[in-house]
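[1] quick one: sequence plus predicted model below, questions after.
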Amino acid sequence: MEQIAKEIRAKTFECIASIGQGHIGGSLSIVDVLTVLYYKHMNVDPKNPQMNGRDRLVVSKGHAGPAVYATLCQKGYISHRELLTLNQFKTNLPSHCDMNKTPGIDMTTGSLGQGISCAVGMAIAAKLANDHAYIYCIIGDGESQEGQVWEASMYAAQKGLDNFIVFLDNNGMQIDNYTKNINGLIDPIKKWESFGFFVQSINGNSIDEIDCAIINAKKNKGMPSMIILNTIKGKGVPFIEEAGVNNHSMPISLEQLNKALEELK
């Protein structure tokens with residue numbers, strides 16, 4: 001799966017470069033978890049995106065849409081040609097995920113905090129329907145400054161939603177600074193445990209650790225799961241990693257695209 005992750009990173013870069021600017025840092029940081037979910041754990045069908053009983057993924061940090069689109073392209077939901085229409089006129093790939101436009105997207109996101117709330121609703125609906133599907137959700141560490149995240153999480157724990165697995169992209173940065181300088185989570189493990197979640201903290205850019213954590217989360221019963229992904233923003237492309245807080249959204253030139261594609265071979 002490491003090679004697949006490299007290919008998805010390359011596609012993510014191509015997607016953003018097609019319009020010249022985009023949310024590259026936080027897209028690259030979640031490629032590994034997307035790879036493991038779509039290639040190992042999620043029950044989905046690219047030929048039937050609306051399949052009943054499917055697992056669902058809500059990327060609550062919706063600005064990471066390019067990484068999701070790249071993964072969907074890799075899986076065959078959309079063509080490579082379509083991948084290169086990000087945010088362009090009449091595109092089906094807006095900069096933030098939109099369930100009304102893109103096959104394989106289960107929730108429109110971008111307004112931070114709302115995605116996880118919708119995902120909790122999906123998990124409740126699955127329980128009520130006796131559906132054995134899992135509901136996965138990816139949130140950001142900057143996004144975790146939204147009160148709605150914690151309201152939804154309290155409710156998920158109160159309802160014992162063990163079909164609900166949340167990933168925190170803990171890359172330490174947000175749009176305007178390091179999260180610790182804005183309003184960072186102090187001891188996220190204790191924070192999420194205190195909210196009633198089964199918590200694991202791992203290297204969020206390790207395919208093997210992500211896989212093992214999801215397996216453990218599925219064994220957990222009676223409570224929702226939080227997998228803290230300690231990631232590197234811009235992971236996989238050194239000059240993006242080195243840009244630090246400036247890589248949240250940045251212009252991408254043709255020269256930079258070619259350099260990134262070379263590094264991802």
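    Thanks, I have the structure now. Since the model is a prediction, treat every value here as computed from it, not as a measurement.
[2] quick one, helices of this structure?
    For the chain, applying DSSP state H gives helices covering 2-17, 25-28, 31-36, 65-75, 80-83, 114-128, 147-158, 179-182, 188-194, 207-219, 238-241, 254-263.
[3] out of those helices, which gets the lowest mean score?
    Among the helices of the chain, helix 179-182 has the lowest mean pLDDT, at a mean of 83.
[4] centre of the chain to that helix, how far?
    How far helix 179-182 lies from its chain's middle: 21 Å, per Cα atoms, centre = their mean, to the nearest Å.
[5] contacting residues around that helix?
    Contacts with helix 179-182, where a contact means Cβ atoms under 8 Å, 6 or more residues apart in numbering, come from 141-142, 145, 172-174, 176, 185. Just so you know, the C-beta spots here come from the backbone N, C-alpha and C atoms, and that holds for glycine as well.
[6] mind putting these in TSV, neighbour count and distance to residue 104 included?
    Formatted as TSV, the contacts of helix 179-182 follow (neighbours: other Cβ atoms under 10 Å; distance: Cβ to Cβ, whole Å):
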residue	neighbour count	distance to residue 104
141	28	25
142	24	25
145	17	29
172	18	29
173	25	27
174	25	27
176	10	31
185	17	30
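[7] list just the nearest of these to residue 101.
    Using Cβ to Cβ, residue 142 is the member of these that lies nearest residue 101, at 24.9 Å.
[8] wait, residue 103 sits on residue 69?
    No: with contact defined as Cβ atoms under 8 Å, residue 103 does not reach residue 69; the gap is 10.6 Å.
[9] the two: which has the busier surroundings?
    Higher neighbour count among residue 103 and residue 69: residue 69, with 29 against 14, using other Cβ atoms under 10 Å.
[10] distance check, the more buried one against residue 202.
    Counting by Cβ to Cβ, to the nearest Å, the separation of residue 69 from residue 202 is 25 Å.
[11] how about residue 61?
    Distance of residue 61 to residue 202, given as Cβ to Cβ: 18 Å.
[12] between the two, which one's more packed in?
    Taking other Cβ under 10 Å, residue 61 and residue 202 do not tie; residue 61 has more neighbours (31 against 20).
[13] check the gap between that one and residue 9 for me.
    Applying Cβ to Cβ to residue 61 and residue 9 gives a distance of 17 Å.
[14] with residue 132 instead?
    32 Å.
[15] the two: who's more crowded?
    Legend: neighbour count by other Cβ under 10 Å for residue 132 and residue 9, higher for residue 9 (26 against 11).
[16] next up, the contacts around that one.
    Each residue near residue 9 by Cβ under 8 Å, 6+ apart is listed here: 28, 31, 70, 235-237, 264.
[17] most neighbours among the residues you listed, please name it.
    Among the contacts of residue 9, the one with the most neighbours (other Cβ under 10 Å) is residue 28, at 31 neighbours.
[18] tell me the spacing between it and residue 239.
    From residue 28 over to residue 239 (counting by Cβ to Cβ), the distance is 12 Å.
[19] same thing with residue 110?
    27 Å.
[20] most tightly packed of the helices of the chain?
    Burial of these is given as mean neighbour count (mean count of other Cβ atoms under 10 Å); helix 25-28 ranks first at a mean of 30.
[21] could you name the helices and strands sitting against that helix?
    Counting contacts by 3 or more Cβ pairs under 8 Å, 6 or more residues apart in numbering; DSSP states H and E, helix 25-28 is packed against helix 2-17, helix 65-75.
[22] adding distance to residue 220, write the ones you listed out as a markdown table.
    A markdown table is the format used below for the helices and strands packed on helix 25-28 (distance: least, Cβ to Cβ, whole Å):
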| stretch | distance to residue 220 |
| --- | --- |
| helix 2-17 | 25 |
| helix 65-75 | 25 |
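[23] need the residues touching each of residue 103 and residue 69.
    Common contacts of residue 103 and residue 69, defined by Cβ under 8 Å, 6+ apart, comprise residue 78.
[24] could you find the closest non-adjacent residue to residue 240?
    Take residue 240 and drop its neighbours on the chain: the residue closest to it by Cβ to Cβ, 6 or more residues apart in numbering is residue 234, 3.5 Å away.
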